[in-house]
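In: I'll drop the sequence and a predicted model, then ask my questions.
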Amino acid sequence: MNADGTGQTRLTTSPVNETEPAWSPDGARIVFRGLNDATGQLVVMNANGSAPAPLTSNADINAAPAWSPDGARIAWRHFAGGSGISLMGAGGGAAVQIVPDANRPNWFPDGSRLAFDRSVGDEIWSAAPDGSGLVPLADAPGVADAEPAVSPDGSRIAFSSFRDGNFELYVMFSDGSVEIRDTLTAAGVHDTDPDWQAIAPVPLVTGLSRPVAGSPGATLTVDGTGFMLRSVVRWNGADRPTTYVSGGRLTAQLPAADVAVPGTAQVTVFTSPAGGGLSVAQTATVEPPPPPPRLTVTSVRVRSAWTRSRVRGTVRVRGTAERAGRVEVALLARRGRTARVVARRRATLGAGAFLTAIRLPRT
């Protein structure tokens, strides 16, 4: 769904419970937990819900998947006689446990380490992706610290802590050297599962498709760099419904009024904070519609019948079109020097030979 809650779309329809979705870094795929009975398997699918494929197939509990920043690996909580963090390729393959007694893996943005909570002391730790270099971070003896979330720049870690008698959110530096003990949330209720908004680059537009005037609407393709899932295309300063394709491409739906006549418009891309901003404007061109294709009529045949002194039937026109396009075939009735249209038919023809029919009006 959109960030404001609109545009909700169902992606899965299987009979099992599906939870804990996580986006791939490029926004093209989603990994999630499919919960069946007492076990849970990890499944990856395209962002539109298509092509779901299992990553794990075991009798264990698999939960809390997290993509590596380069999208090549997935870390997750793997419970097989004890909880630990395992790692595997994003396309599947052998799973390797890297840290025992650990939960909730969260990658540093450069992929060099993971943060996680451990049942050992109920604290926040970090380690390299191979499990080496274990370092304890949060330091509140006898108090549960859990659910670490590394900031997009890697400098801080948000986490939940029970140190005030209920779970609240805190922030510390990512090396654990200085802990910001002021709570981020109001006391009295449990606050858990913190996350950060990605720091977006300033978007850059490098290319635009050229819509054709006179259509009932058009899809504008915007190429560039630094696009995010929350980026929005603007046409002469007005937001247009935007679809994220990749970090280098967006598409926007233009209403008929935007492409009613040939001309130009200023196109920008806006990405909301953190980071982001407004791109430099680029000029989009609305092309005039192409002329109708040239037709060569090779035969005209009337199929008619008289009913109650009135002729009924069709005129079958056969010929060739120099290229595909939309044309109008008209039947004229001439009296002396005056001609009038008595029937017409609009048709979309392919290039080459065609055959179309016009129904005769009652005469």
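Out: The structure has been received and is ready for your questions. Residues are numbered from 1 along each chain as shown.
In: Ranking helices and strands of this protein by mean pLDDT, which lands last?
Out: Least confident helix or strand of the chain, by mean pLDDT, DSSP states H and E, is strand 179-180 with a mean of 66.
In: Mind checking what helix or strand follows it in sequence?
Out: Once the chain leaves strand 179-180, the next helix or strand it forms, by DSSP states H and E, is strand 204-208.
In: for that following strand, packing partners?
Out: Helices and strands touching strand 204-208, by 3 or more C-beta pairs under 8 Å, 6 or more residues apart in numbering; DSSP states H and E, are strand 217-225, strand 263-271, strand 282-286. For every residue, glycine as well, the C-beta is placed using N, CA and C.
In: Report the inter-axis angle for the shortest one versus strand 204-208.
Out: Using axes from the mean of the first three to the mean of the last three C-alpha atoms, to 10 degrees, the inter-axis angle of strand 282-286 relative to strand 204-208 is 20 degrees.
In: Strand 282-286: partners in the sheet, and parallel or antiparallel?
Out: Paired strands of strand 282-286, with direction, are strand 263-271 (antiparallel) (DSSP bridges).
In: C-terminal to the partner strand, what's the next element?
Out: Using DSSP H and E, the helix or strand that follows strand 263-271 in sequence is strand 277-278.
In: From the contact counts, what lies against that following strand?
Out: strand 263-271.
In: The strand it packs on: how far from the chain's middle?
Out: Centroid displacement of strand 263-271 relative to its chain, using C-alpha atoms, centre = their mean, to the nearest Å, is 20 Å.
In: Ok, stretch 222-239 next?
Out: Stretch 222-239 has its C-alpha centroid displaced from the chain centroid by 13 Å (C-alpha atoms, centre = their mean).
In: Could you tell me the end-to-end distance of it?
Out: Taking C-alpha to C-alpha, to the nearest Å, stretch 222-239 runs 14 Å from one end to the other.
In: That stretch: which residues count as buried?
Out: Residues 222, 223, 224, 226, 227, 228, 230, 231, 232, 233, 234, 235 are the ones in stretch 222-239 that count as buried (16 or more other C-beta atoms under 10 Å).
In: Quick check, central residue of the chain?
Out: The residue lying closest to the centre of the chain (C-alpha atoms, centre = their mean) is residue 244, at 4.6 Å.
In: Now for the closest residue in space to it that isn't next to it in sequence, which secondary structure element holds it?
Out: Spatially, and ignoring its direct neighbours in sequence, residue 244 is nearest to residue 229 (4.9 Å; C-beta to C-beta, 6 or more residues apart in numbering). Per DSSP H and E: residue 229 is located in neither a helix nor a strand.
In: give the contact list for residue 229.
Out: Going by C-beta atoms under 8 Å, 6 or more residues apart in numbering, residue 229 touches 23, 27, 244.
In: Could you measure from it over to residue 200?
Out: To residue 200, residue 229 is 10 Å away according to C-beta to C-beta, to the nearest Å.
In: thinking again about what came up before, just put the buried residues of stretch 222-239 in CSV and tack on pLDDT.
Out: Below are these laid out as CSV (pLDDT from 0 to 100):
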residue, pLDDT
222, 98
223, 97
224, 97
226, 93
227, 92
228, 87
230, 86
231, 92
232, 95
233, 97
234, 97
235, 97
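In: nearest to residue 301, of those residues?
Out: Distance to residue 301 across the buried residues of stretch 222-239 (C-beta to C-beta) is lowest for residue 235, with 48.7 Å.
In: circling back: so which of the helices and strands packed on strand 204-208 is nearest residue 77?
Out: Taking C-beta to C-beta, strand 263-271 is the member of the helices and strands packed on strand 204-208 nearest to residue 77, at 32.2 Å.
In: Save the contacts of residue 229 as JSON lines, and put in distance to residue 156 too.
Out: Below are these laid out as JSON lines (distance: C-beta to C-beta, whole Å):
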{"residue": "23", "distance to residue 156": "21"}
{"residue": "27", "distance to residue 156": "24"}
{"residue": "244", "distance to residue 156": "27"}
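In: Lowest-confidence member of those, which is it?
Out: Within those, residue 27 has the lowest pLDDT, namely 80.
In: Run through the residues that contact it.
Out: 47, 229, 244, 246, 247.
In: list the buried ones in stretch 340-347?
Out: Within stretch 340-347, the residues that count as buried by 16+ other C-beta under 10 Å are residue 345.
In: Stretch 55-74 too?
Out: Applying 16+ other C-beta under 10 Å to stretch 55-74 flags 55-56, 60-68, 71, 73-74 as buried.
In: Likewise for stretch 329-337?
Out: Using 16+ other C-beta under 10 Å as the test for burial, stretch 329-337 gives 329, 331.
In: And for that stretch, what's in contact with it?
Out: Residues contacting stretch 329-337 (C-beta under 8 Å, 6+ apart): 315, 317, 339-347, 356, 358, 360.
In: So which of the residues you listed is the closest to residue 288?
Out: Taking C-beta to C-beta as the measure, residue 288 lies nearest residue 346 of the contacts of stretch 329-337, at 19.3 Å.
In: would you say that closest one is within a strand?
Out: Yes. The assignment for residue 346 (DSSP: H, G, I helix; E, B strand; the rest coil) places it in a strand.
In: tell me the SS of the residue nearest to the centre of the chain?
Out: Per three-state DSSP, residue 244 ends up strand.
In: got a list of what it touches?
Out: Contacts for residue 244 were tallied using C-beta under 8 Å, 6+ apart; they are 27, 227, 228, 229, 231, 250.
In: okay, the residues you listed in TSV with distance to residue 279 next?
Out: Output for the contacts of residue 244, formatted as TSV (distance: C-beta to C-beta, whole Å):
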residue	distance to residue 279
27	18
227	9
228	12
229	16
231	9
250	11
